[in-house]
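A.B. asks: My questions are about this predicted structure, shown below with the sequence.
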Amino acid sequence: MLGRTGHASTVVCFGTAGIGRVTQEVADEAVEQVLAHKVNHIDIAPTYGEAMERMKPWMPRLREKMFLGGKTGKRSKDEAWEEINDCMRRLGVDSFDLFQLHSVGNMEELDKATGTGGALEALVEMRDRGLTRFIGITGHGPEAPRVQIEALDRFDFDTVMFPISAAIYRNAEYRRDAERLLALAIERNVGVHTIKMIARGGWGDRERECTTWYDPHRDQEDIDAALWWVLSQPMHTAPSAGDVQILPKVLSAAERFQHLDDDSQAGVIARQRPPLPEPALGIQSAT
């Protein structure tokens, strides 16, 4: 159950970033895969390339069946309204189930979005007009958990979205803040999306082998361990990784999910060996 929303989200939801830079044919194959696995929750944003255009043909069939979460990265009320209207046009919908302040990575961004004339005012108006039922906040950087703890003290958000992975949890400071946020969210019945489920490190100067901006696990066994670790935390749903080649492996791991006990969880963290660090996620070097 995604917190107070009352929606029983599948443990993995469809993170559409992976279809934003592929053809319609490839995107359609990805959508068919998530439908075959009975995924019932879509996560989408205007910055995901052409993801909205790729999903638009599907929305007449899926809108009533799917929990639809959208986002705005704008920080002022007026700019947010422009983006909200653009999202509805691009996706071909007249409402969302959840709309979120997107990528709020530090306190300065939070101040802008939640202050007078900020984007949060647009989301509240959206809810008042029946254009969204719920309001959330997302963040991607190493400060995300701390920022979202502060955000929950400023406004009664219905959901949060932030990164956790076994590799990220090697960072003791990040883990402490993430566990505080998870505990607070559960206490207040706030829905929890966890992103970057299979992040293992960064690319550095290496050529990227995947379309994700971080270096993900790619072998099925490693994806199983990483995803099962995430799903064993007190969270609700994890948007799929932004690579259509990895998507089938993530869906397979989700279908075979086995809850890990504390010792097994610790073992998964201990086995993480990031080839390179990823400072933007707080992933530290293996050494």
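C.D. replies: Cool, the structure landed.
A.B. asks: who's in contact with the residue lying closest to Asp224 once chain neighbours are set aside?
C.D. replies: Among residues not flanking Asp224 along the chain, Ala253 sits closest, at 4.6 Å (Cβ to Cβ, 6 or more residues apart in numbering). Backbone N, C-alpha and C define where each C-beta goes, glycine included. Going by Cβ atoms under 8 Å, 6 or more residues apart in numbering, Ala253 touches Gln220, Ile223, Asp224, Leu227, Trp228.
A.B. asks: most neighbours, which of these?
C.D. replies: Counting neighbours by other Cβ atoms under 10 Å, Leu227 leads the contacts of Ala253 with 28 neighbours.
A.B. asks: and it, what does it touch?
C.D. replies: Val12, Met197, Ile198, Ala238, Val250, Ala253, Ala254, Phe257.
A.B. asks: which residues in the chain form helices?
C.D. replies: Counting by DSSP state H, the segments of the chain that form helices are 24-36, 51-55, 59-62, 77-91, 107-114, 119-128, 144-154, 172-187, 220-231, 247-255, 262-270.
A.B. asks: Most tightly packed of those helices?
C.D. replies: helix 51-55 (a mean of 23; mean count of other Cβ atoms under 10 Å).
A.B. asks: same for it, what does it pack against?
C.D. replies: helix 24-36, helix 77-91 (3 or more Cβ pairs under 8 Å, 6 or more residues apart in numbering; DSSP states H and E).
A.B. asks: avg pLDDT for it?
C.D. replies: Averaging pLDDT along helix 51-55 yields 98.
A.B. asks: Same check on stretch 14-25?
C.D. replies: 97.
A.B. asks: cool, and stretch 234-244?
C.D. replies: 96.
A.B. asks: Return the set of buried residues in it.
C.D. replies: Neighbour-count burial for stretch 234-244 flags Met235, His236, Thr237, Ala238, Pro239, Ser240, Ala241, Gly242, Asp243, Val244 (criterion: 16 or more other Cβ atoms under 10 Å).
A.B. asks: Skip the chain neighbours and tell me the closest residue to His41.
C.D. replies: Sequence neighbours aside, Cys13 is the residue nearest to His41 in space, at 3.5 Å (criterion: Cβ to Cβ, 6+ apart).
A.B. asks: can you list the helices of the chain in JSON lines and add distance to Ala166?
C.D. replies: Shown next, in JSON lines, are the helices of the chain (distance: least, Cβ to Cβ, whole Å):
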{"stretch": "helix 24-36", "distance to Ala166": "24"}
{"stretch": "helix 51-55", "distance to Ala166": "27"}
{"stretch": "helix 59-62", "distance to Ala166": "32"}
{"stretch": "helix 77-91", "distance to Ala166": "33"}
{"stretch": "helix 107-114", "distance to Ala166": "27"}
{"stretch": "helix 119-128", "distance to Ala166": "32"}
{"stretch": "helix 144-154", "distance to Ala166": "16"}
{"stretch": "helix 172-187", "distance to Ala166": "10"}
{"stretch": "helix 220-231", "distance to Ala166": "5"}
{"stretch": "helix 247-255", "distance to Ala166": "13"}
{"stretch": "helix 262-270", "distance to Ala166": "5"}
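A.B. asks: Can you tell me which of the contacts of Ala253 is closest to Arg4?
C.D. replies: Ranked by distance to Arg4 (Cβ to Cβ), the contacts of Ala253 are led by Leu227 at 25.1 Å.
A.B. asks: Look up how far Leu260 lies from that closest one.
C.D. replies: Leu227 is 10 Å from Leu260, where distance means Cβ to Cβ, to the nearest Å.
A.B. asks: what residue is smack in the middle of the chain?
C.D. replies: In the chain, the centroid-proximal residue (Cα atoms, centre = their mean) is Ile195; its distance is 4.1 Å.
A.B. asks: tell me the pLDDT at that residue?
C.D. replies: Listed pLDDT for Ile195 reads 98.
A.B. asks: related to what we said a few turns ago, wait, which of the helices of the chain is closest to Gln284?
C.D. replies: Each of those was scored for nearness to Gln284 using Cβ to Cβ, and the closest is helix 172-187 (9.1 Å).
A.B. asks: Noted, bye for now.
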